[in-house]
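Dropping the sequence and predicted coords here.
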Amino acid sequence: MPKVSDMSPVPKAKAKKKTAASPYHLERLPNGLVVGVRPMPQMESAAIGVWVRAGGRYETSRLAGVSHFLEHLLFKGTHTRSCEQLKQAVEGVGGSLNGFTAEEFTCYVAKVPARHAQKATTILCDMALHPRFAPRDIAKEREVILEEIRMYEDSPGQYVHELLNTLLWPNHPLGHLLAGSLETVRRMTRTEITRYWRDHYHPRNLLVTCAGAVETDQVVAQLRKLFAKAPSGRTHKFSPAPRSPRGPQVHVIHKATEQTHVCLGIPTIPRTHPARFAVELLHVILGANMSSRLFREIREKRGLAYEIGTQVKRYKDTGAFVIYAGCDAAKLQTSVETAVGELARIKRERVPAAELRRAKDFYAGQLLMGLEDSMEHMIWMGEQLVTAGGVSLMKDVIASVERVTAEQVQQVARMLFVPSRLSLAVIGPVPKQDADPLERACQRCA
């Protein structure tokens with residue numbers, strides 16, 4: 001399995017590098033800005049992303065949610081363009097403009113017909129480098145974000161994931177809501193927000209990726225010009241992930257909902273760990289589609305839940321394997337026991353060859369189809385660059401998945417799925433005293 005060193009690296013300043021084997025042009029400009037370009041001449045579109053190494057993990061407890069607050073504010077206008085002018089410049093030519101905040105980065109994206117790629121790039125860079133931060137915009141957006149936080153708290157299907165994070169990473173930024181809390185958002189000042197922006201939104205901490213029907217030289221030349229006067233700064237580090245408390249841990253929030261929402265989580269390996277492809281196949285086999293074991297056993301065979309699936313969270317120094325479900329409160333105990341039973345089974349029995357083959361084909365097919373889209377390809381490239389400093393080739397990823405054996409899948413399952421590593425979050429009309437039998441159900445993972 002390839003390590004991060006097998007990725008296409010970013011060349012040093014002033015150097016240009018694109019080998020015949022790599023479709024990516026990766027370059028670091030003299031001011032530290034990293035540029036990644038994936039020409040896709042068969043496309044009619046271009047997708048551009050401005051990525052910032054600033055997210056929930058980079059925040060102090062006092063400023064929890066500041067990265068997300070900043071993301072909102074950058075759409076409110078720059079020194080030369082109003083909020084409406086920013087949106088109309090992209091949407092007025094048939095494009096889309098958006099942004100999202102994650103634990104290890106923030107991203108601002110646009111997708112436009114290819115002939116408007118330079119305009120969209122100018123808009124995104126103007127937003128990142130010259131935000132207005134008008135006091136009235138901060139006041140209005142503060143109220144919007146407070147409503148967003150209340151919405152999460154009123155949406156148990158979403159909030160149960162946040163509750164699980166507090167169990168996996170207690171008293172750590174990974175365990176905080178990305179939007180922050182009502183308290184931190186209310187007390188955050190304009191001075192603190194603008195200081196955080198100055199500290200993180202500079203060329204050494206930014207990168208720009210572009211995929212679609214674009215010319216590499218034109219993209220690089222435009223970015224050199226747009227960032228020519230941007231002041232430099234220093235890069236920042238985040239606090240290492242703590243060791244998860246020994247479990248199983250169970251947290252039940254009683255709430256009068258029609259459905260009970262459940263998240264079972266296990267800490268996993270870092271983003272670039274050699275065994276990451278075995279974890280991806282565990283995800284496919286257990287809960288990534290309608291052919292998965294959990295879907296078949298919990299929904300199709302037993303009718304315990306409508307929604308059931310898995311997801312993998314990937315961070316620089318940790319991760320999580322998550323099972324989520326929505327079920328009737330009366331079926332909660334059986335649902336958890338059944339899910340834990342599937343974890344125990346995949347530890348006990350090697351995955352049959354035909355099932356492993358289907359999982360590999362599903363993974364490869366989803367990757368191939370996803371990277372046909374210019375936006376998905378831009379995000380694939382940008383997320384790897386901003387978190388790992390390089391870009392893996394699709395063929396190398398698929399080859400790595402192909403090399404995973406049933407024995408390796410079983411070994412990873414045995415390493416991860418042990419009772420002392422399990423955490424369970426539940427929101428619904430469930431008595432808190434039900435936590436004890438749920439904890440005993442988690443013990444059956446042994």
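Good, I have the coordinates. Numbers count the residues shown, from 1 in each chain.

quick one: Gly36 and Thr209 touch, right?
Yes - judged on CB atoms under 8 Å, Gly36 makes contact with Thr209 at a distance of 4.2 Å. In this view, the C-beta of every residue, glycine as well, is placed from N, C-alpha and C.

between those two, what contacts are shared?
Common neighbours of Gly36 and Thr209, using CB atoms under 8 Å, 6 or more residues apart in numbering, are Met381, Gly382, Leu385.

can you list these in a markdown table and add distance to Arg186?
Output for these, formatted as a markdown table (distance: CB to CB, whole Å):
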| residue | distance to Arg186 |
| --- | --- |
| Met381 | 37 |
| Gly382 | 32 |
| Leu385 | 35 |
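
out of these, which are inside helices?
Among the shared contacts of Gly36 and Thr209, the residues falling in helices (DSSP state H) are Met381, Gly382, Leu385.

quick one: the strands in the stretch 151-300 of the chain?
206-212, 249-254, 260-267 (DSSP state E, counting those that start in this stretch).

how about those in JSON lines, adding mean neighbour count, mean pLDDT and distance to Gln88?
Shown next, in JSON lines, are those (neighbours: other CB atoms under 10 Å; pLDDT from 0 to 100; distance: least, CB to CB, whole Å):
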{"stretch": "strand 206-212", "mean neighbour count": "28", "mean pLDDT": "98", "distance to Gln88": "21"}
{"stretch": "strand 249-254", "mean neighbour count": "19", "mean pLDDT": "93", "distance to Gln88": "43"}
{"stretch": "strand 260-267", "mean neighbour count": "25", "mean pLDDT": "96", "distance to Gln88": "39"}
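
To Glu71, which of the ones you listed lies closest?
strand 206-212 (14.0 Å; CB to CB).

Output the closest one as PDB, nothing but the C-alphas.
Presented in PDB, the C-alpha positions along strand 206-212 are these (Å, rounded to 0.1, in the frame of the first residue of the first chain):
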ATOM      1  CA  LEU A 206      -3.500  28.900   1.100                       C
ATOM      2  CA  LEU A 207      -3.700  26.800  -2.000                       C
ATOM      3  CA  VAL A 208      -5.700  27.100  -5.200                       C
ATOM      4  CA  THR A 209      -6.900  24.100  -7.200                       C
ATOM      5  CA  CYS A 210      -8.500  24.100 -10.600                       C
ATOM      6  CA  ALA A 211      -9.900  21.300 -12.700                       C
ATOM      7  CA  GLY A 212     -11.700  21.400 -16.100                       C
END
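
by contact count, what packs against it?
strand 34-39, strand 45-52, helix 117-129, helix 374-388 (3 or more CB pairs under 8 Å, 6 or more residues apart in numbering; DSSP states H and E).

Partner strands of it, with direction?
Neighbouring strands of strand 206-212 in its sheet, by DSSP bridges, are strand 34-39 (parallel), strand 45-52 (antiparallel).

how distant is it from the center of its chain?
Averaging C-alpha positions (CA atoms, centre = their mean, to the nearest Å) puts strand 206-212 17 Å from its chain's average.

what's the next secondary structure element after the worst-scoring helix or strand of the chain on mean pLDDT?
One helix or strand of the chain scores below all others by mean pLDDT, DSSP states H and E: strand 8-9, with a mean of 58. Next along the chain after strand 8-9, taking DSSP states H and E as the criterion, comes strand 25-28.

Packing partners of that next one?
Short answer (3+ CB pairs under 8 Å, 6+ apart): strand 25-28 packs on strand 34-39, helix 216-226.

closest to Arg243 out of the ones you listed?
strand 34-39 (32.2 Å).
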